[in-house]
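Student: next one to model:
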Amino acid sequence: MGQDGFSSSSSLLYHLHAPTSIVAAEAIAESAECLVDNHPLLPRHLRTHDLTGGPDLVSGRRLLLANNDVRILYAVAQGPSALYRDAAGDEVVYLESGSADLESVFGTVRARPGDYVVIPASTTHRWVPQ
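Tutor: This next block holds a predicted model:
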């Protein structure tokens, strides 16, 4: 699985069902929140526990910090997410509390509090909170 052929590390994936059976795809709108430079550089206290929860770990994400290379978001899940794929880059998810199953083409991974889960770019997946 890769974008550059066989020029770097790769995985051979065998699908139980043809991935071409996708019946629809829709773009998820980017956050409308404005990003501003942090000048002068000051300490920040991000009160993430005061943020309201969203429907799931994908559509309920709230943008906290970002630059041209990295976006840091926070989410509180209330239910399972729909199938999702981030074609722009890899995702690293830190699970602060609770547990969830990550279902993807690589199988199911159970994540518990304190786990970091790396999801490679263009991996179709969904989160199912437990």
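
Student: next, the buried residues of stretch 89-102.
Tutor: Along stretch 89-102, these residues count as buried under the neighbour rule (16 or more other Cβ atoms under 10 Å): Glu91, Val93, Leu95, Ala100, Leu102. Yep, even glycine has a C-beta here, placed from its N, CA and C like the rest.

Student: any stretches of this structure with poor pLDDT?
Tutor: Residues of the chain meeting the criterion pLDDT under 70: 1-15, 17-21, 30-34.

Student: now the buried residues of stretch 89-102 in a markdown table, with secondary structure and distance to Asp69?
Tutor: Shown next, in a markdown table, are the buried residues of stretch 89-102 (DSSP: H, G, I helix; E, B strand; the rest coil; distance: Cβ to Cβ, whole Å):
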| residue | secondary structure | distance to Asp69 |
| --- | --- | --- |
| Glu91 | strand | 14 |
| Val93 | strand | 17 |
| Leu95 | coil | 23 |
| Ala100 | strand | 26 |
| Leu102 | strand | 24 |
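
Student: and those residues, which is closest to Pro120?
Tutor: Distance to Pro120 across these (Cβ to Cβ) is lowest for Glu91, with 8.4 Å.

Student: all strands of the protein, in order?
Tutor: With strands called from DSSP state E, the chain shows them at 62-66, 71-74, 91-94, 100-104, 107-111, 116-119, 125-129.

Student: and of these, who's closest to Leu35?
Tutor: strand 62-66 (5.5 Å).

Student: verify the stated contact: Tyr74 with Arg61.
Tutor: Yes: judged on Cβ atoms under 8 Å, Tyr74 makes contact with Arg61 at a distance of 7.1 Å.
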